[in-house]
Structures are given as structure tokens and as C-alpha cells.
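Visitor: pasted the sequence and its predicted model underneath.
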Amino acid sequence: MVKADDKFRGIARELDGLGRLCLPIEARRSLAFNDRQEVDMYIEGEKICIRKEGKVCAVCGRTGELFDLYPVKEVHICKSCALAVTDMVMEKGL
Ligand SMILES: [Zn+2]
């Protein structure tokens, strides 16, 4: 079985003079990127990560496409993290 992490390993790409590169079509299709897909980019250790733009849980970092996110002041949190926070608050008492 090919893991997503192994699927596109070994494809060498060269950045152009402005630091741009073309994402492999196989990767874009696999992740259902649209034409002109908006993405978020961030650094994780020594990697530059690219993912579809979307609301992200401020606690665990999961995106909002797979589950509902709840707005909390200026951020969003997922149901799992909301329940964890609720449990902690309830344990301390109101
Ligand atoms: Zn979360």
C-alpha cells in the first residue's frame, strides 16, 4: 500500500528565480486542488508545508473541511478541542 507520505517522494523540482515551483499534477489531483486553489503555507521543522486554505482549529491545527469548527472570539476550535476545554472548565467548577 502506498502511503500519501511516500507517494510523491523523489520528485526533484527546481525553484525559478522568484522562488516559485509547480506542484505535481498527481499531488494536486490527489488532494482535489482546484484551479487557482488558495493555499496556506507554513514551516514545520525543515519542511515548507502547503495545504488548502481553510479554517483551522487554533488548538490542534486540523482544518475545518472535515468537521465543524466553532468560533471562539478571534479563532475557531474543533468539537474535540471544545469538549476538552469544557471538561477542564467543568472539573474546576463554575
Ligand atoms: Zn482541535
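Guide: Arrived safely, thanks for sending. The shown structure was predicted, so the numbers you read here are calculated from the model rather than taken from an experiment. Residues are numbered from 1 along each chain as shown.
Visitor: enumerate the residues of the chain near the ion.
Guide: Counting by Cβ under 5 Å from the ion, the residues of the chain lying close to the ion are 57, 59-60, 78, 81. (C-beta placed from N, C-alpha, C; glycine too.)
Visitor: biggest separation within those, which pair?
Guide: Spatially, the most separated pair among the residues of the chain next to the ion is Val59 and Cys78, at 7.4 Å (Cβ to Cβ).
Visitor: and those two? Which one has more around it.
Guide: Cys78 (23 against 16; other Cβ atoms under 10 Å).
Visitor: so which of the residues of the chain next to the ion belong to helices?
Guide: Cys81 (DSSP state H).
Visitor: which SS state does Ala84 fall under?
Guide: helix (DSSP: H, G, I helix; E, B strand; the rest coil).
Visitor: re the thing from before, intersection of neighbour lists for Val59 and Cys78?
Guide: By Cβ atoms under 8 Å, 6 or more residues apart in numbering, Val59 and Cys78 have no common neighbours.
Visitor: following element in sequence after the one helix or strand in the chain whose mean pLDDT sits lowest, please.
Guide: When the helices and strands of the chain are compared on mean pLDDT, DSSP states H and E, helix 4-7 comes out lowest with a mean of 51. Per DSSP states H and E, the first helix or strand lying C-terminal to helix 4-7 is helix 25-30.
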